[in-house]
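>>> how does the following fold in three dimensions:
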Amino acid sequence: MNPLFSIWTQPSATIRYIVDHKSLKYPFIIISISALINSIMAFADLGLFNGFSLLTTLGLVLLSGLLSGLAGWGIIIVAYTWIGKLLGGTGTMRKMGLATGASAIPMIWTAPIGFIAISLYGQQLFTTPTGPLGTNMSVGFFFFQTWLMLAISIFGLIIECKAIGIVHNFSAWRGFGTLMLFTGFIIIISIIIFGALFSILLAF
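Here you go, the predicted structure:
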């Protein structure tokens, strides 16, 4: 079984194959590649790199994407394992690390989008947007890549729910519940942090 292809037609079987036959090196490589690919469009139109050369920008974008991707992977391994056990799961962090790597596989197939965007727009892709839609990309390309990324992201979330369920020996719906509880926790923490920062600013 080749997970790069089978993930599209046999997601559950692919997740089980990765958990049973791969070492943690495999999802580490998958997450790293996916993070590097995803970083290009994730930083597009943010205007964080005005005045930088394209080579410098790409270096910073790829490094930031890689570090944040691996850090995020580590966080969800711990969170999904802990929350899943609270919901009656039996999974381990090792299995969770292996299984969640599967959800990043679809993003690898979006690599051509980033390459095409860089070839079309160069450094302008990462500068402050001047277009009417808040983007430096053409309207057609912007909507095409947005909807494509959205569709693949949704598919990735479905795989992630299946992965959580498989690791914890419960349903994908309970896996979805695990994911939503973690998301809710992140939202609450973010509100608390932003609220505290806002209070500090008001105090001055």
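>>> Provide the secondary structure category for Gly91.
Following DSSP: H, G, I helix; E, B strand; the rest coil, we place Gly91 in the coil state.
>>> let me fix that: Pro129
Pro129 - assigned by three-state DSSP - is coil.
>>> what do you get for the one 5 residues further on?
Three-state call for Gly134 (three-state DSSP): coil.
>>> please name the residues that touch it.
Asp45 (CB atoms under 8 Å, 6 or more residues apart in numbering). Placement of C-beta: from N, CA and C, glycine included.
>>> swap in 10 Å and give it another go.
Going by CB atoms under 10 Å, 6 or more residues apart in numbering, Gly134 touches Asp45, Gly47, Thr128, Phe142.
>>> pull out the buried positions in the one helix or strand in the chain whose mean pLDDT sits lowest.
Scoring the helices and strands of the chain by mean pLDDT, DSSP states H and E places helix 172-203 at the bottom, with a mean of 87. Neighbour-count burial for helix 172-203 flags Ala172, Arg174, Gly175, Phe176, Gly177, Thr178, Leu179, Leu181, Phe182 (criterion: 16 or more other CB atoms under 10 Å).
>>> now the fourth one: how far from Gly97?
Distance, Phe176 to Gly97, using CB to CB, to the nearest Å: 20 Å.
>>> thanks again, I'm all set now.
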